[in-house]
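Engineer: take this sequence and fold it.
(one chain, ligands or ions: 2)
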Amino acid sequence: MNSVLSKSPVYKTHNCAQFLHVPAGSLSPSPSNRRITCLKMSCSSVFPTLRTVTISYSELKDTNADLSMKIEQGFGPNGLGILSVTDVPGYSSLRENLLHLAPRLASLPEEVKKDLEDHHSRYNFGWSHGKEKLESGKPDMLKGSFYANPVLDVPTAETYLIERYPSYCGSNIWPDTALPELEVAFKGLGKLILDVGLMVAFHCDQYAVSKGMKVHVDEGLEQILLRSRCHKGRLLYYFPPQKSNHMQDGDSMSSWCGWHTDHGSLTGLTCGIFTRDGTVIPCPDSAAGLYIRTRNDQIVKVYILDHDIPVVFGENEIAYQIGETTEILSRGFLCATPHCVRAPNGEEASGVERSTFALFMQPDWDEKLNFPKEVHMHREVIPSNGVLTFGEYSEKLLDKYYHLKA
Ligand SMILES: O=C(O)CCC(=O)C(=O)O
Ligand SMILES: [Fe+2]
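Structural biologist: Residues are numbered from 1 along each chain as shown. Ligands and ions are numbered 1, 2, ... in the order given. Below you'll find the predicted structure:
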């Protein structure tokens with residue numbers, strides 16, 4: 001395996017931040033009706049900041065609550081593209097437990113991390129560092145990722161499926177000896193974000209119905225996600241400036257994570273933590289963090305007002321974004337969210353690391369996707385009958401972007 005690894009080309013993956021760049025014309029020109037304020041950033045540029053739409057956990061779990069307005073403000077054609085869920089029981093400690101393990105994982109000896117790599121899945125299971133590409137085409141050394149399915153350690157035992165869809169059908173790889181806490185912490189947070197995400201999906205379906213869309217009882221977002229074996233968590237660790245090259249690209253908006261839309265259905269995101277030598281610190285550069293491009297082509301930094309102090313969305317909130325597959329299947333009622341992550345700049349940014357977690361909720365590899373006649377994304381991979389399984393669709397996208405087979 002090592003000899004294969006040493007010769008292996010650099011891959012980009014579907015979950016990777018740099019995988020899909022947003023075509024300029026793909027965003028709706030309609031004006032956003034969200035309240036916009038401006039924040040002066042340390043780099044002397046001014047970016048509008050918007051408060052995320054928030055839904056409390058108790059509202060969300062009430063299946064009789066009409067949350068259509070909030071779903072529309074968050075995910076609809078004029079929405080911001082992100083909403084966050086507050087007051088989720090047990091969330092804060094699960095988040096802290098897992099995010100603190102990211103710097104520890106990243107600082108394990110290289111040979112230990114090598115054993116956690118999975119070339120066959122194009123590094124979509126286990127440890128991945130320097131296997132994905134930056135916008136410049138150079139290997140992405142800025143961050144390390146650890147991928148696992150938080151629900152199923154072995155999604156299938158069928159060899160032909162593992163060969164056909166290695167990025168979904170492979171098995172989890174846990175650092176049982178080097179970092180045994182990781183498995184429990186990863187699964188705990190991943191499953192909670194999934195459970196809350198299913199509730200978000202229920203209300204997305206209700207919204208689509210309220211807009212007159214015919215959603216067959218088995219074909220709504222909630223049911224598609226409920227029966228999927230393809231959910232994938234990604235623990236992200238952004239290396240501090242001196243250990244990476246990002247100072248070279250430091251002035252660009254997407255210096256830590258390029259502009260992209262996620263490929264699956266719904267992504268759950270934690271608010272990242274910033275650390276120096278493993279100790280939590282406030283982020284030294286208010287311009288650093290998650291950015292979103294709105295439907296009217298405005299770039300905004302995502303804030304919520306926490307005790308009236310603007311901070312990157314609340315550390316006790318789970319943010320959700322729409323992925324491309326949902327935009328396609330909902331015929332545009334729910335829109336994918338272009339986003340990127342900016343690294344901190346300046347003297348004080350030295351030694352600053354960022355850790356966060358994303359859960360990519362996506363349809364099962366066997367799920368038949370009926371594409372509409374008019375699609376503005378990846379038209380060339382969709383056959384004339386408009387039907388592909390999610391597994392086929394994902395593999396075609398990997399081939400399209402990378403021309404590389406594992
Ligand atoms: O680091 C973040 O906050 C976002 C990461 C992300 O967008 C991704 O992994 O797709
Ligand atoms: Fe993303």
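Engineer: every contact and neighbour count from this point should use C-alpha atoms.
Structural biologist: Noted.
Engineer: from what I can see residue 133 touches residue 143, true?
Structural biologist: No - using Cα atoms under 8 Å, residue 133 is not in contact with residue 143; the gap is 11.0 Å.
Engineer: against residue 371, how distant is the spatially closest residue to residue 94 that is not a sequence neighbour?
Structural biologist: In space, and not counting its chain neighbours, residue 94 is closest to residue 189: 5.5 Å by Cα to Cα, 6 or more residues apart in numbering. In this structure, residue 189 lies at 32 Å from residue 371, with Cα to Cα, to the nearest Å as the measure.
Engineer: higher neighbour count, these two?
Structural biologist: Neighbour tally, residue 189 and residue 371, criterion other Cα atoms under 10 Å: the higher count belongs to residue 189, 26 against 20.
Engineer: what phi and what psi does the backbone show at the more buried one?
Structural biologist: Per-residue torsions, residue 189: phi -70, psi -40 (degrees, to the nearest 10).
Engineer: doesn't residue 91 make contact with it?
Structural biologist: Yes - with contact defined as Cα under 8 Å, residue 189 and residue 91 form a contacting pair (7.3 Å).
Engineer: re earlier: so what pLDDT did the residue nearest to residue 94 get?
Structural biologist: Per-residue confidence at residue 189 stands at 98 (pLDDT).
Engineer: list the contacts for it?
Structural biologist: In this structure, residue 189 makes contact with 91, 94, 95, 98, judged by Cα atoms under 8 Å, 6 or more residues apart in numbering.
Engineer: tell me which parts of the stretch 201-350 of the chain are close to ligand 1?
Structural biologist: 262, 290, 341 (Cα under 6 Å from any ligand atom).
Engineer: circling back to that earlier point, if I look at the residue nearest to residue 94, how far off is ligand 1?
Structural biologist: Residue 189 is 16 Å from ligand 1, where distance means Cα to the nearest ligand atom, to the nearest Å.
Engineer: where do the helices of the stretch 201-350 of the chain begin and end?
Structural biologist: 221-226, 324-329 (DSSP state H, counting those that start in this stretch).
Engineer: can you show me the CA trace of the last one as CSV?
Structural biologist: This points to helix 324-329. These are the backbone C-alpha positions of helix 324-329, laid out as CSV (Å, rounded to 0.1, in the frame of the first residue of the first chain):
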residue,chain,number,x,y,z
GLU,A,324,-26.4,20.7,-5.0
THR,A,325,-28.4,17.5,-5.1
THR,A,326,-31.3,19.1,-3.1
GLU,A,327,-31.3,22.2,-5.4
ILE,A,328,-31.6,19.9,-8.4
LEU,A,329,-34.3,17.6,-6.9
